[in-house]
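Visitor: Whatever this is, show me its structure:
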Amino acid sequence: MAEKVNPYKDSNQSKKVQVTKMFDTISKEYDGLNRVISFGIDVKWRNKVVKLVAEKNPENILDIATGTGDLAISLTSTNAKEIIGLDISDGMLEVGRQKIKGKKLDGVISMIIGDSEDLPFEDHTFDAITVAFGVRNFENLEKGLAEILRVLKPNGIFVILETSVPTNPIYKAGYNIHCKLIMPTIGKLFSKDKVAYDYLSESASVFPYGDALNNILRKIGFINVRDMPQTLGVATIYTASKS
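Guide: Modelled structure (predicted):
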């Protein structure tokens, strides 16, 4: 299981409470800073997720840890009839609601507050479930993944997009410089929460990736698990399904 990285070292609050407050605080600046920190490559990664989901012709999709709704909005190109974006941060969701309203997509996308570890849906509800840069924020990773398995339909597709650490020593060195120096520095310069981007950097560096996450998915009960490293291994797309 992933290490529980604590964004506020002197706090006794749970990771879930702290992460919620953190994302509420940085919600209005999140999109802009995310594009800068990732050099915009995250858009390309999300498009690959959308393509994988579209191949399954889903009628309904759940996007967990939807944040400001970037992936949920992109998923409308799958022609799904219903897309639900779920997040624990109402601040992030409100930014997303405004984006969705501006694009006149509120008839397709619903944004709701919810906990990934206690999903408010019946068993076997969704044709496709996605999580982009969110599983490392789960307080209990295995519990959250088990909930996703529960609400996924048999033969449905589950797609994760998450940061990972390159295996090539040269690329890994560059990745560490970006995550441990550049990313927190940019965050401290432009973010209201001076600790948030330290947390985001640290959580990325300790989260299980590749075979480690594949094995956790299989342990939970997912089948057809595979991983696809992206951009020299700085991110990875995982796909899995349900028997």
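Visitor: Name every strand pairing with the longest strand seen in the chain and say which way it goes.
Guide: When every strand of the chain is counted residue by residue (DSSP state E), the longest turns out to be strand 152-163. Strand 152-163 sits in its sheet next to strand 126-132 (parallel), strand 235-241 (antiparallel), going by DSSP bridges.
Visitor: ok, then the element right after it?
Guide: helix 169-177 (DSSP states H and E).
Visitor: what about the strands paired with strand 152-163, which gets the closest to Asp63?
Guide: Asp63 lies closest to strand 126-132 among those, at 4.9 Å (CB to CB). From N, CA and C alone the C-beta is placed, and that goes for glycine too.
Visitor: Show the low-confidence segments of this protein, by residue range.
Guide: In the predicted model, the chain carries pLDDT under 70 at residues 1-12, 33-34, 36-37, 178, 182-184, 186-201.
Visitor: can you give me the strands for it?
Guide: Taking DSSP E as the test, the strands found in the chain are 60-64, 82-87, 109-113, 126-132, 152-163, 223-230, 235-241.
Visitor: Enumerate every residue touching the closest residue to Val234 other than its chain neighbours.
Guide: Closest residue to Val234 apart from its sequence neighbours, by CB to CB, 6 or more residues apart in numbering: Tyr175 at 5.6 Å. Counting by CB atoms under 8 Å, 6 or more residues apart in numbering, Tyr175 makes contact with 165-166, 232-234.
Visitor: before we move on, back to that, for Lys51, find the nearest of the strands paired with strand 152-163.
Guide: Closest to Lys51 of the strands paired with strand 152-163 is strand 235-241 (CB to CB; 10.1 Å).
Visitor: Need the contact partners of that closest one.
Guide: Here strand 235-241 has contacts from 41-42, 45, 48-49, 52, 152, 155-164, 209-210, 213-214, 217, 222-230, using CB under 8 Å, 6+ apart.
Visitor: Kindly export the longest strand of the chain (C-alpha atoms) in PDB.
Guide: The C-alpha trace of strand 152-163 is given here as PDB (Å, rounded to 0.1, in the frame of the first residue of the first chain):
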ATOM      1  CA  LEU A 152     -17.700  -1.000 -12.300                       C
ATOM      2  CA  LYS A 153     -19.800  -3.200 -14.600                       C
ATOM      3  CA  PRO A 154     -18.600  -6.600 -15.600                       C
ATOM      4  CA  ASN A 155     -16.300  -6.200 -18.700                       C
ATOM      5  CA  GLY A 156     -16.200  -2.500 -17.900                       C
ATOM      6  CA  ILE A 157     -12.900  -0.600 -18.200                       C
ATOM      7  CA  PHE A 158     -11.000   1.100 -15.400                       C
ATOM      8  CA  VAL A 159      -8.200   3.600 -16.400                       C
ATOM      9  CA  ILE A 160      -5.700   5.300 -14.100                       C
ATOM     10  CA  LEU A 161      -3.400   8.100 -15.200                       C
ATOM     11  CA  GLU A 162      -0.800   8.700 -12.500                       C
ATOM     12  CA  THR A 163       2.700  10.000 -12.100                       C
END
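Visitor: Just the buried residues of that strand, please?
Guide: Across strand 152-163, burial judged by 16 or more other CB atoms under 10 Å covers 152-153, 156-163.
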